[in-house]
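Q: return atomic coordinates for the entry below.
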Amino acid sequence: MTQTILHIDASARRTGSATRDLSERVVRHLNAGRIIRRDLASPLPLITEDWIAANFTPADQRDVVQQDVLSLSDELVSELQKADTIVIGLPIYNFSVPAAFKAWIDLVARAGLTFAYSEEGPKGLLDGKRAILAVASGGTAVGSEIDFATTYARHVLGFIGIHDVEVIAADRMALDPETTLSNAQKAVTELAA
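A: Coordinates of the predicted model:
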């Protein structure tokens, strides 16, 4: 049994969202002891010049204002650190990820916290975690040359150390939504708990 799940929904739609339904099914299937919930339909702030300055100031030298600027980012990083499994409801918008998901990535990709620089290049610090992407699209086939969402999500999760990434796809729903959803729901039941 997965002990702690971080459940992230990136869809702007709070109702009628295929990715929200699929990610919720995944979470129920995994039967976690603890679920941390993060709904990106409640927008996260974009990083700013003040955020960048605070982030690049050593933690023991940050003033109260800088600590406050980074407080939400610290909270998001802490959610990732506590989770064994990250379940992400990820719609494909215009061939890529929603802006809300990119904002989340920008706030959690932090040198010294989720990755570190080394002579061999960056190294992710969140090893040993699993991610499951519940992906839906209208016309983009997952894994195709026009799918910049799952390739980006896999890459950036790997960048922070999460290399065990599975995709549950309800793609090309504009063509055959019933079959696509049925196949995705079946894939959820076949996930290893």
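Q: grab the nearest non-local neighbour of Tyr152.
A: Val97 (6.0 Å; Cβ to Cβ, 6 or more residues apart in numbering). Yep, even glycine has a C-beta here, placed from its N, CA and C like the rest.
Q: how far away is the one you found from His29?
A: Counting by Cβ to Cβ, to the nearest Å, the gap from Val97 to His29 is 23 Å.
Q: among the two, which residue is more densely surrounded?
A: Between Val97 and His29, counted using other Cβ atoms under 10 Å, the more crowded position is Val97 (23 against 17).
Q: the more buried one and Ala153 touch, don't they?
A: Yes - here Val97 reaches Ala153: they are 6.4 Å apart, a contact under Cβ atoms under 8 Å.
Q: pull up the overlap in contacts between the two.
A: Leu90 (Cβ atoms under 8 Å, 6 or more residues apart in numbering).
Q: for the protein, where's the lowest mean pLDDT among helices and strands?
A: Sorting the helices and strands of the chain by mean pLDDT, DSSP states H and E puts helix 177-189 at the bottom, at a mean of 94.
Q: so what secondary structure elements neighbour that one?
A: helix 18-30, strand 130-136, strand 164-170 (3 or more Cβ pairs under 8 Å, 6 or more residues apart in numbering; DSSP states H and E).
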